[in-house]
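> Below are the sequence and a predicted model for it; my questions follow.
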Amino acid sequence: MDYFCSDKSSPNDCLKYLGSPSQTTLDCHYNTLVSQAEIVSKEFKHGKRPVTYKFQCNLANLRNITNKEMKDKLNSFKDSILSNSYPIHIFNNELNPRASNFILKGTSSKNFKRQKGVYDYVYYKLIIKLLTNARAGEFGFNRGFGKIPETNNQEYIKFYGGIVDSVKRALKIGIYSPNYQEIDPNFTLDDLDFGVLVFNKDPESMPHPIVQNYCLKNVPYTILSEIPIFLDTRLGSYFSGHIDLLFAKNNDLIVSDFKPNSKSRPPNYDIYRSLPQVAIYGLILNTILKPESFKIKCLSFNDQVGLLFEPDILTKEILSFVKEENSDPIRVRFSERMTTKDNNDLMESLELFKNIYNSTNYF
């Protein structure tokens, strides 16, 4: 077992076997994990064709947070989400701008790709700038890269590298399903060798709940998952979204988003192009919790790498980068301004968010 699970031995000797696990054995193991982890949850359904989002909290991990302000505010935030008064109607209104629409779109069109020659050219310009200016750091297995202090600190390298490693473990674990075709996200298994791998889909198609459940029950720094958040635009609408996972480490509260790799795109493509989305999550959470003695950071990760950054890169480096890209002669020539996923002008959308965020006085 890795260092996250060193104090959690497998619950029962009956789980030591070869071949496929029985449904009874899996139920036994899953229920033991839930009991040990003290998970509370609430399901929300959003959209015309309802999608289920399962908010979860690991109460034991929440109690173990060492920063009192962070613990108290997350407790109150958790209670508000679990209450019947949480404004779920905000997430059902399709006119409300969603954070997931804020991606660095417009970098892979035929015209621009042909001129620049490589698929992800513009992402590397931004990432290199962030890494070299000590505004971001990359973490993998027992390594860190970049100039932020965490990349030279073995404790943080182990922590962030361990999160990445947890995704790899979750991907490798056999998830029981009667026909061995579908993934059942209700089962999250400890790091056991079942002697069979029934997960037969590409990692990019793996449901987020598999990773979320694994982290909630095996990574002691995991506090919340699938967290619904919103920010009032004061224009009759709300920015909204769901944070995949919240980790707490010392005086850092880490807004984390799982972005699996795709065989059809360059490595870490979705991590890089979704930087605006994850930064917005961090800034919205900042307005909700109003931290004084702790900091909110962002982590976008898959099973190979994690990118750590401050959420205010949205209103600084990212906005500056988008303005610079929009003025590129090739973009001007082909009218290739960067857009959101729903084809709104990205620079204008970022400016709007910045102005609204500024008005909260927590900038």
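Alright, I've got the coordinates.
> And what about F247, helix, strand or coil?
Using DSSP: H, G, I helix; E, B strand; the rest coil, the structure places F247 in strand.
> List the contacts of it.
I163, V219, Y221, T222, I223, L253, I254, S256, L299 (CB atoms under 8 Å, 6 or more residues apart in numbering). All C-beta spots, glycine's among them, are computed from the backbone N, C-alpha and C.
> filter these to the buried ones?
Buried residues within the contacts of F247, counting neighbours by 16 or more other CB atoms under 10 Å: I163, V219, Y221, T222, I223, L253, I254, S256, L299.
> The one helix or strand the last one maps to pairs with which strands, parallel or anti?
Right, L299. For L299, the host element (DSSP states H and E) is strand 295-301. Strand pairing for strand 295-301, determined by DSSP bridges: strand 252-258 (parallel), strand 306-309 (antiparallel).
> re the thing from before, closest to V51 among the contacts of F247?
Nearest to V51 out of those is S256 (CB to CB; 20.2 Å).
> So for stretch 283-294, what gets flagged as buried?
Residues of stretch 283-294 classed as buried by neighbour count (16+ other CB under 10 Å): L283, I284, L285, N286, T287, I288, L289, P291, F294.
> To clarify, my last question referred to stretch 242-252.
Neighbour-count burial for stretch 242-252 flags H242, I243, D244, L245, L246, F247, A248, K249, D252 (criterion: 16+ other CB under 10 Å).
> Please apply the same query to stretch 143-155.
Going by neighbour count (16+ other CB under 10 Å), the buried part of stretch 143-155 is G144, G146, I148, E150, T151.
> Tabulate the strands paired with strand 295-301 in CSV, adding columns for mean pLDDT and distance to L235.
Formatted as CSV, the strands paired with strand 295-301 follow (pLDDT from 0 to 100; distance: least, CB to CB, whole Å):
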stretch, mean pLDDT, distance to L235
strand 252-258, 97, 24
strand 306-309, 96, 28
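> and of these, who's closest to I128?
So among the strands paired with strand 295-301, strand 306-309 is nearest, using CB to CB, at 12.3 Å.
> and A170, how many residues sit next to it?
24 (other CB atoms under 10 Å).
> Which of the three states applies to it?
Assigned by three-state DSSP, the conformation of A170 is helix.
> Next one: the residue nearest to it when sequence neighbours are not counted from I128, what distance?
Counting by CB to CB, 6 or more residues apart in numbering, A170 lies nearest to Y214, which is 3.9 Å off, once chain neighbours are set aside. As judged by CB to CB, to the nearest Å, Y214 and I128 stand 32 Å apart.
> So the two - more neighbours on which side?
Y214 (23 against 12).
> That one against I163, yeah?
No. Distance between Y214 and I163: 10.8 Å, which falls outside the contact criterion (CB atoms under 8 Å).
> For the stretch 151-300 of the chain, which segments count as helices?
Assignment of helices within the stretch 151-300 of the chain using DSSP state H, counting those that start in this stretch yields the ranges 154-172, 208-218, 269-273, 275-289.
> and for the last one, what are the contacting residues?
Applying CB under 8 Å, 6+ apart, the set of residues contacting helix 275-289 from outside is 73-74, 77, 99-104, 126, 229-231, 239, 241, 243, 253, 255, 257, 296-300, 307, 309-315, 318, 346, 350, 353, 357, 360, 362.
> So what's the gap between that helix and the chain middle?
11 Å (CA atoms, centre = their mean, to the nearest Å).
> before we move on, back to that, would a markdown table of the buried ones among the contacts of F247 with distance to D328 be doable?
Shown next, in a markdown table, are these (distance: CB to CB, whole Å):
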| residue | distance to D328 |
| --- | --- |
| I163 | 35 |
| V219 | 41 |
| Y221 | 41 |
| T222 | 41 |
| I223 | 41 |
| L253 | 36 |
| I254 | 33 |
| S256 | 32 |
| L299 | 30 |
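> Specify which member of those residues is nearest to R135.
Closest to R135, out of all of the buried ones among the contacts of F247 and judged by CB to CB, is L299, at 13.9 Å.
> F353 versus that closest one, what's the distance?
20 Å.
> Now do the contacts for F141.
By CB under 8 Å, 6+ apart, F141 lies in contact with G161, V164, D165.
> cutoff 10 Å now
Residues in contact with F141 (CB atoms under 10 Å, 6 or more residues apart in numbering) are I157, G161, G162, V164, D165, K168, D303, Q304, V305.
> give the contact list for the fourth one.
With contacts taken as CB under 10 Å, 6+ apart, V164 has the following neighbours: E138, F139, G140, F141, L299, F301, N302, D303, Q304, V305, G306.
> want to try JSON lines for the residues you listed, with distance to N92 as columns?
Shown next, in JSON lines, are the contacts of V164 (distance: CB to CB, whole Å):
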{"residue": "E138", "distance to N92": "37"}
{"residue": "F139", "distance to N92": "36"}
{"residue": "G140", "distance to N92": "39"}
{"residue": "F141", "distance to N92": "41"}
{"residue": "L299", "distance to N92": "28"}
{"residue": "F301", "distance to N92": "29"}
{"residue": "N302", "distance to N92": "30"}
{"residue": "D303", "distance to N92": "33"}
{"residue": "Q304", "distance to N92": "35"}
{"residue": "V305", "distance to N92": "35"}
{"residue": "G306", "distance to N92": "32"}
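> biggest separation within these, which pair?
F141 and L299, at 15.5 Å, using CB to CB across the contacts of V164.
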